[in-house]
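Asks: Fold the following and give me the result.
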Amino acid sequence: MMTAPPAASDTLHEAFAGCVGRMSAEMEHAWLMGDDATQVEAERLSFLSLLDATLPSGAAPGALAHRIDSKMAHASLLTISTFAEDQTRGTNARLRAQWHLRQCRNMLLDG
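Replies: Coordinates of the predicted model:
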């Protein structure tokens, strides 16, 4: 399952929740692969702050569900990109994961 990037119809909190999920998957993947996750951890914290600042009352359960869905979808892309025997499939997954991260980072002022 792949989640879509933030669309014009998405609310800010939905977009930020998706980015928190993607950054969480990136961070965990970096840890598992022995890579430095410092930048991703900082970005994740930024998105958590933005999510907290824009989350409407009563929207927390939906935001959490979106975070989890986004995290699982992104983790799947990272797993495929790292372990796929089919090089084309791995490359496509890596490019898709990078595209999603770029969409998130474009929302940060320092991104």
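
Asks: Secondary structure element for Asp69, which one?
Replies: Assessed by DSSP states H and E, Asp69 sits inside helix 60-83.

Asks: Just the buried residues of that helix, please?
Replies: 63, 66-67, 69-71, 73-75, 77-78, 80-81 (16 or more other CB atoms under 10 Å). For the C-beta atoms, the positions are set from N, CA and C on the backbone; glycine is no exception.

Asks: next one: stretch 87-98
Replies: Of the residues in stretch 87-98, Gly90, Ala93, Arg94, Arg96, Ala97 count as buried by neighbour count, 16+ other CB under 10 Å.

Asks: Outside of that stretch itself, list whatever touches it.
Replies: Met2, Glu26, His74, Leu77, Leu78, Ile80, Ser81, Thr82, Phe83, Ala84 (CB atoms under 8 Å, 6 or more residues apart in numbering).

Asks: could you point out where the chain is predicted with low confidence?
Replies: 1-10, 110-111 (pLDDT under 70).

Asks: quick one: the spatially most central residue of it and Arg67, what's the gap?
Replies: By CA atoms, centre = their mean, the chain has its centre lying nearest to Arg22, at 1.4 Å. As judged by CB to CB, to the nearest Å, Arg22 and Arg67 stand 9 Å apart.

Asks: What of Met27?
Replies: 13 Å.

Asks: Hmm, Ala17 and Ser70 touching each other?
Replies: Yes: the criterion here is CB atoms under 8 Å, and Ser70 meets it with Ala17 at 7.1 Å.
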